[in-house]
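Trainee: Output the structure for:
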Amino acid sequence: MEPIKLKRDIVGSKRDSLITRFEYLSNEIIYEIFDFLDFVQTYDIFSSLNKRFQNLLINSNQPINIKLSLISKSIFQRFYTEIITSKQHRIKSFDVSNPFIIDHIFSSISILSNFIQLENLSFHDIKSDYLNQLLIHLHSLPSLSSLIIHCIDNVQNKNIIYRRIFRLPVLKYCKLSLNEPFSLISLLIATNEFSSIENLIITNVLRFGELNGLLSYVPKLRRLSVNLSNIYSEEYNKEYSIHLNHLTHVELNLSDMNFDEFELIIKNLFNRIEVLYISSFANETYLDENRWKQLILSHMHHLRIFDIMIKHDLDLNEDILEKISLVNQFQSRFWFERGWFFEYEICYDFDDLCYLMFYTINPYRRKSYILYISQDMKNSSFGRKHKINSVQHLKSEEHENIINYKYYFPNVTKLTLSHFFKKQNTNFLSTNFNNIIPLKQLTKLIIETDFDSFVEIIDLLYLSPNIHSFKIDLVSHEYTDLISIENNQIFQLVSKINNIKTMSILINCTLEITKFFINLCPRLQYLTVQIPNDNIKPILSFLFSKDNYNIQNLFSLCIKSMSNQQFDILNDFIVSKNLFNIYSTRIKRDINDDVYLWW
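Mentor: Residues are numbered from 1 along each chain as shown. The predicted model follows:
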């Protein structure tokens, strides 16, 4: 981007100053700025500002990238009319995760056929009933090169879906999550029907026996990521020779698969790969250094990057030192020459069960990292911390000595706390975590653990002002003295500075807890809660109160796992308060009995 030129605005003989005004910028520079912003928000802010910006957004030929998730019903209706239906030829990217919008799109699904410039399409939490309609209309799109589908319920026959996706003419990238009820029927080996897909990611679990059939349709495949299981103890079918001459990157998440079965897959399918990522809950055969060495020397001649993360359960009767001696074998010259280095930790879970974590380090390339509860916490009390740049999501199951942990994660934007944290001193959480991650950089915080007090959470939020998504998932617990916490100066500051727009409170919400978090997050737009029966009326009254300033930005509510009794209470409440007319509210209930309201 060229440097922005400032215009000189002279007012009076003695006032000669440089003033930067957004409207002075050229159309080209404004378009470049718009490219960095969310188009829906840009449209909402600028389209009504003046005629020029309206023309820039609506009456131009610039491609449009649309992401529809957090958006009010009124804004969406205007956006749908002025952009989606009238500017179909300009839409380049279309990403939808709002369940109401998904239903709306599929009420007139033929509109997708008119997205002639569409290259990237993503549907998150889509119902399986929609898949056939979707794929019929996608086949006519000449430019669709990327497809992401996450299905919220079970697909009755995912092989049919695979076949239809493989027929899309120019598809290069495909990421699928298609859960299916029990079935041992695999795709037949492809003979004359092949896909253009080069990057395939399947996040649902694939059976061991499905690989041959599935991969026979994608001979141009370059990158593959799958969760693979042999829970049904199938035998690998070696009758068919599948040539994946372009496949160089493979990521495998393995379960219920012994090393012999894994070797067969490498030998028959992945013998040309250059990069291998493996995650597995595995038996000790995966810790056999000699077997790995022989497999690499015999069948992976092109391997450049070898990245492994193995979790092995340790029986109380096992000799832990014996297992440690196994992984220490990976410190030989063979591994050093290739630049592959490993570490291990002996860890304990919530039930004090013991397991060994063995993983590749230096460089660590994965986007997530877990801090385990380890008796052998390696620390940096007297040394410099090593940076791990690849990690974006840090999940902590450790609650002691974090401050002295030897690694620093400079690019973390998501933090998950998932173990019992016993308060040890004031500012325990914020002090410890600020030493291993830049808290000001966090955008997502997930708490899956129990605290003695909400004070620690408030302190953590105070040092993390850029969090926009917050989830708290605790066991039922008695929380007291919330009023005094709200009157605390730190609470008041957090309430003023935080930018939390999405919040999930998955404890049994009382009215007091709901008020506490709503008052903490006055810019909230999307709220998910779990409410006990006797609290649903007062909480609804609070959330839909005309006098409640702190919910003025709220436009979407999800109530988790609603009983029939609660659903009846909700309907009666909406009718009695005339909310359908006031908010133009829509209600839907999904297969998990989660109820959504949108206005």
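Trainee: Start and end of stretch 299-311, how far apart?
Mentor: 24 Å (C-alpha to C-alpha, to the nearest Å).
Trainee: before we move on, what about stretch 146-160?
Mentor: Across its full length, stretch 146-160 reaches 19 Å end to end, with C-alpha to C-alpha as the criterion.
Trainee: ditto for stretch 191-209
Mentor: First-to-last residue span, stretch 191-209, C-alpha to C-alpha: 18 Å.
Trainee: likewise stretch 252-268?
Mentor: Terminal-residue distance, stretch 252-268 (C-alpha to C-alpha): 15 Å.
Trainee: same thing with stretch 102-113?
Mentor: For stretch 102-113, the first-to-last residue distance is 16 Å (C-alpha to C-alpha).
Trainee: Please state the offset of that stretch from the chain centre?
Mentor: 25 Å (C-alpha atoms, centre = their mean, to the nearest Å).
Trainee: pLDDT on that stretch, on average?
Mentor: Stretch 102-113 shows a mean pLDDT of 93.
Trainee: in that stretch, what's buried?
Mentor: For stretch 102-113, the neighbour count (16 or more other C-beta atoms under 10 Å) marks 102, 104-106, 111-112 as buried. Glycine gets a C-beta too; all of them are placed from N, C-alpha and C.
Trainee: of all those residues, which comes closest to Phe76?
Mentor: Of all those, Phe76 sits closest to His104, with 7.9 Å by C-beta to C-beta.
Trainee: would you list the buried residues of stretch 102-113 in JSON lines and tack on distance to Tyr24 and secondary structure?
Mentor: JSON lines is the format used below for these (distance: C-beta to C-beta, whole Å; DSSP: H, G, I helix; E, B strand; the rest coil):
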{"residue": "Ile102", "distance to Tyr24": "41", "secondary structure": "helix"}
{"residue": "His104", "distance to Tyr24": "39", "secondary structure": "helix"}
{"residue": "Ile105", "distance to Tyr24": "39", "secondary structure": "helix"}
{"residue": "Phe106", "distance to Tyr24": "44", "secondary structure": "helix"}
{"residue": "Ile111", "distance to Tyr24": "38", "secondary structure": "helix"}
{"residue": "Leu112", "distance to Tyr24": "39", "secondary structure": "helix"}
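Trainee: for those, which one is nearest Ser495?
Mentor: The nearest member of the buried residues of stretch 102-113 to Ser495, counting by C-beta to C-beta, is Ile102 at 33.3 Å.
Trainee: Give me the distance between that closest one and His124.
Mentor: Per C-beta to C-beta, to the nearest Å, Ile102 is found 8 Å from His124.
Trainee: Equivalent analysis for Ser561, please.
Mentor: From Ser561 to His124 the distance is 20 Å (C-beta to C-beta).
Trainee: Can you pick out the residue with more neighbours from those two?
Mentor: His124 (17 against 12; other C-beta atoms under 10 Å).
Trainee: How many residues are close by the residue lying closest to that one once chain neighbours are set aside?
Mentor: Using C-beta to C-beta, 6 or more residues apart in numbering and skipping the chain neighbours, the partner closest in space to His124 is Ser97 (3.9 Å). By other C-beta under 10 Å, 16 other residues sit near Ser97.
Trainee: repeat for Ile165
Mentor: Ile165: 23 neighbours (other C-beta under 10 Å).
Trainee: Tell me the predicted confidence for it.
Mentor: 97.
Trainee: Quick check: it touching Leu144?
Mentor: No: counting by C-beta atoms under 8 Å, Ile165 does not reach Leu144; the two are 10.7 Å apart.
Trainee: overlap in contacts of these two?
Mentor: Residues touching both Ile165 and Leu144 (C-beta atoms under 8 Å, 6 or more residues apart in numbering): Leu171.
Trainee: quick revisit: which single one of the buried residues of stretch 102-113 is nearest to Asp473?
Mentor: Ile102 (25.0 Å).
Trainee: for the closest one, what are its contacts?
Mentor: Contact partners of Ile102, counting by C-beta under 8 Å, 6+ apart, are 96, 123, 125-127, 130.
Trainee: That one and Phe555, how far apart?
Mentor: Using C-beta to C-beta, Ile102 is found at 17 Å from Phe555.
Trainee: and the closest residue to Ser143 other than its chain neighbours, what are its phi and psi?
Mentor: Sequence neighbours aside, Glu119 is the residue nearest to Ser143 in space, at 5.2 Å (criterion: C-beta to C-beta, 6+ apart). Dihedral pair for Glu119: phi -110, psi -40, per degrees, to the nearest 10.
Trainee: Around Glu119, how many other residues sit close by?
Mentor: 19.
Trainee: any idea how far it is from Leu171?
Mentor: From Glu119 over to Leu171 the distance is 10 Å, taken as C-beta to C-beta.
Trainee: what does stretch 247-267 rub up against?
Mentor: Under C-beta under 8 Å, 6+ apart, the answer for stretch 247-267 is 205, 208, 211, 221-231, 236, 238, 269-270, 272-283, 285-286, 288, 291, 295, 299-300, 302.
Trainee: Just the buried ones out of those residues, please.
Mentor: Buried members of these, scored by 16+ other C-beta under 10 Å, are 205, 208, 211, 221, 223-230, 236, 269-270, 272-273, 275-280, 282, 286, 295, 299-300.
Trainee: What lies in contact with the strand or helix carrying Leu394?
Mentor: Element membership for Leu394 (DSSP states H and E) is strand 393-396. The contact list for strand 393-396 (C-beta under 8 Å, 6+ apart) reads 367-371, 402, 409, 412-419, 433, 436-437.
Trainee: What pairs with it, parallel or antiparallel?
Mentor: strand 368-371 (parallel), strand 414-417 (parallel) (DSSP bridges).
Trainee: Give the next helix or strand downstream of the last one.
Mentor: So that's strand 414-417. Criterion used, DSSP H and E; the element after strand 414-417 is helix 428-433.
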